[in-house]
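# here is my input; please provide its structure:
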Amino acid sequence: MSATALPRWAEIGLIPLVNLTLAFTVSGVVVALIGENPVEAMSIMLKGAFIYPGGLGYTLYYTTNFIFTGLAVSVAFHAMLFNIGGEGQASLGGLGAALVCLALDPFLPGLIVVPLAVLAAAAFGAGWALIPGYLQAYRGSHVVITTIMFNFIAAGLMVGLLSGPLMRPGQSSPQTREFAGGTNLAYLHDWARALGFDVASSPLNLSFLVALAAALGVWILIWRTKFGYALRAIGQSDPAAVYAGIRVPRMIVIAMAISGALAGMMALNEILGVQHKLILNWTSGYGFTGIAVALMGRNHPVGIILASLLFGALFQGGAELDFEFQTITREMVLMIQGLIILFSGALALMFTPVLGRIFAVLKAGRARDA
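Below you'll find the model as predicted:
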């Protein structure tokens with residue numbers, strides 16, 4: 001460890017906090033320049049995200065999508081695979097879930113259809129990511145290029161299906177028919193009301209708990225299994241992993257498949273939980289935002305959950321800002337998100353040397369006192 005190296009807790013906790021503080025400070029300056037009070041704007045954003053009726057439910061609903069896509073990026077990144085195909089993999093996951101529901105909901109009860117739809121969402125997402133993984137592992141095609149290309153292929157495929165064979169008969173909008181009753185995931189506000197709590201309605205559904213379970217599963221997989229150790233070994237040094245006897249090409253394919261499965265499971269929240277049908281462009285950029293979530297969360301499930309909560313609050317609180325202020329539009333909220341991505345991603349290590357020197361001075365001072 002170098003003299004200016006940061007403690008682990010500072011690297012995964014303090015650095016993101018500093019970057020986040022700087023992003024909000026710059027955002028506050030911009031808000032002040034357009035003539036609004038940044039403190040009041042921040043207060044309204046926080047109230048809209050966590051305090052106003054239904055606000056927390058909507059925040060956690062958005063958070064669910066980011067957890068799935070953030071975990072998808074992180075699993076691949078531990079093997080130094082930059083999976084940018086979350087949008088396409090989520091789209092195919094939605095297609096898999098929809099096909100199961102459309103085919104089976106007239107004949108089978110929801111208790112059977114829903115688990116099959118969940119498996120189909122994961123399988124379709126995994127299959128869509130497995131192809132770029134195979135091309136990277138056995139043909140040398142770079143996974144960044146292939147996953148980007150597969151996003152466009154997925155988009156074209158969805159347009160063709162939803163404007164053709166899957167389109168609901170008698171309509172012109174690109175969407176399927178609604179799934180039969182009983183195939184949707186339960187809303188958590190219904191559970192809360194059944195227990196006697198007065199909770200406002202929101203789209204938050206059972207998939208939020210599935211996302212938390214997925215985060216726990218990823219933590220166990222990466223840090224408590226031989227597979228995870230081998231995956232991290234590949235990420236640290238590909239030649240060393242080969243020397244240790246790890247079958248690197250096979251691991252790359254499996255890692256990409258797991259990554260795609262997690263992205264595909266975003267369909268649980270949107271397709272099975274909220275839309276109850278397959279519609280065009282339902283992914284809404286969540287797959288790309290998942291990259292920023294994973295970077296900000298340092299590719300650790302706990303960090304990803306916290307970063308997802310932050311972006312979920314920005315989505316929901318930003319909508320409240322757009323409603324309350326005429327001068328603060330949705331584009332302004334996107335700017336704040338962009339600043340967070342900038343400071344947490346591209347400039348993530350900007351303060352590391354400075355903080356490293358500060359910690360080195362403090363450590364030397366403690367050594368002298370001892």
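# show me what counts as buried in the helix or strand hosting residue 241.
Residue 241 is part of helix 238-243 when elements are defined by DSSP states H and E. Neighbour-count burial for helix 238-243 flags residue 241 (criterion: 16 or more other Cβ atoms under 10 Å). C-beta coordinates here come from the backbone N, C-alpha and C atoms, glycine included.
# which strands and helices sit next to that helix?
helix 226-236, helix 248-264 (3 or more Cβ pairs under 8 Å, 6 or more residues apart in numbering; DSSP states H and E).
# give me the angle between the first one and helix 248-264.
Per axes from the mean of the first three to the mean of the last three Cα atoms, to 10 degrees, the angle that helix 226-236 makes with helix 248-264 is 110 degrees.
# off-centre distance for helix 226-236?
22 Å (Cα atoms, centre = their mean, to the nearest Å).
# dump it to CSV, keeping only the CA atoms.
Taking C-alpha atoms only, helix 226-236 is exported to CSV below (Å, rounded to 0.1, in the frame of the first residue of the first chain):
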residue,chain,number,x,y,z
LYS,A,226,-15.3,-20.0,-5.4
PHE,A,227,-17.0,-18.7,-8.5
GLY,A,228,-16.9,-15.1,-7.2
TYR,A,229,-13.2,-15.5,-6.2
ALA,A,230,-12.4,-16.7,-9.7
LEU,A,231,-14.4,-13.9,-11.2
ARG,A,232,-12.5,-11.3,-9.1
ALA,A,233,-9.2,-13.0,-10.0
ILE,A,234,-10.0,-12.5,-13.7
GLY,A,235,-10.8,-8.9,-13.1
GLN,A,236,-7.5,-8.3,-11.2
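# tell me which residues in it are buried?
228, 230, 231, 233, 234, 235.
# flag the shaky bits of the chain, pLDDT-wise.
Across the chain, the ranges flagged by pLDDT under 70 are 1-5, 344-349, 370.
# from residue 74, how far off is residue 299?
Note on residue 299: its distance to residue 74, by Cβ to Cβ, to the nearest Å, is 4 Å.
# more neighbours: those two, which one.
Using other Cβ atoms under 10 Å as the criterion, residue 299 and residue 74 rank with residue 74 on top: 27 against 22.
# surely that one and residue 218 touch.
Yes - here residue 74 reaches residue 218: they are 7.0 Å apart, a contact under Cβ atoms under 8 Å.
# which SSE is the nearest residue to residue 34 once chain neighbours are set aside in?
Spatially, and ignoring its direct neighbours in sequence, residue 34 is nearest to residue 327 (5.2 Å; Cβ to Cβ, 6 or more residues apart in numbering). Under the criterion of DSSP H and E, residue 327 resides outside all helices and strands.
# so what's residue 327 up against?
Neighbour list for residue 327: 34, 35, 36 [criterion: Cβ atoms under 8 Å, 6 or more residues apart in numbering].
# any residues in contact with both of residue 74 and residue 218?
residue 301.
# now a PyMOL select for only the buried ones of the contacts of residue 327.
A single PyMOL command is used to select the members of these judged buried by 16+ other Cβ under 10 Å:
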select buried, resi 36
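# can you list the contacts of residue 327 in TSV and add secondary structure and distance to residue 287?
TSV is the format used below for these (DSSP: H, G, I helix; E, B strand; the rest coil; distance: Cβ to Cβ, whole Å):
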residue	secondary structure	distance to residue 287
34	coil	31
35	coil	36
36	coil	32
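# tabulate the contacts of residue 327 (JSON lines), appending distance to residue 321.
Shown next, in JSON lines, are those (distance: Cβ to Cβ, whole Å):
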{"residue": "34", "distance to residue 321": "12"}
{"residue": "35", "distance to residue 321": "14"}
{"residue": "36", "distance to residue 321": "9"}
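# three-state assignment of the spatially closest residue to residue 206 that is not a sequence neighbour?
What sits nearest to residue 206 in space, not counting adjacent residues and going by Cβ to Cβ, 6+ apart, is residue 185, at 4.3 Å. Each residue gets one of three states, and residue 185 gets coil by DSSP: H, G, I helix; E, B strand; the rest coil.
# what helix or strand is the residue nearest to residue 6 when sequence neighbours are not counted located in?
Spatial nearest neighbour of residue 6, chain neighbours left out: residue 356 (5.5 Å); criterion: Cβ to Cβ, 6+ apart. Element membership of residue 356 [criterion: DSSP H and E] is helix 352-369.
# list the buried residues for the host helix or strand of residue 19?
Element membership of residue 19, judged by DSSP H and E, is helix 15-33. Across helix 15-33, burial judged by 16+ other Cβ under 10 Å covers 15, 16, 18, 19, 20, 22, 23, 24, 26, 27, 28, 31.
# and for stretch 36-43?
Buried, per 16+ other Cβ under 10 Å, within stretch 36-43: 36, 38, 41, 42.
# which among the residues you listed gets closest to residue 279?
Comparing those against residue 279 with Cβ to Cβ places residue 41 closest, at 32.5 Å.
# how close does residue 19 get to residue 252?
30 Å.
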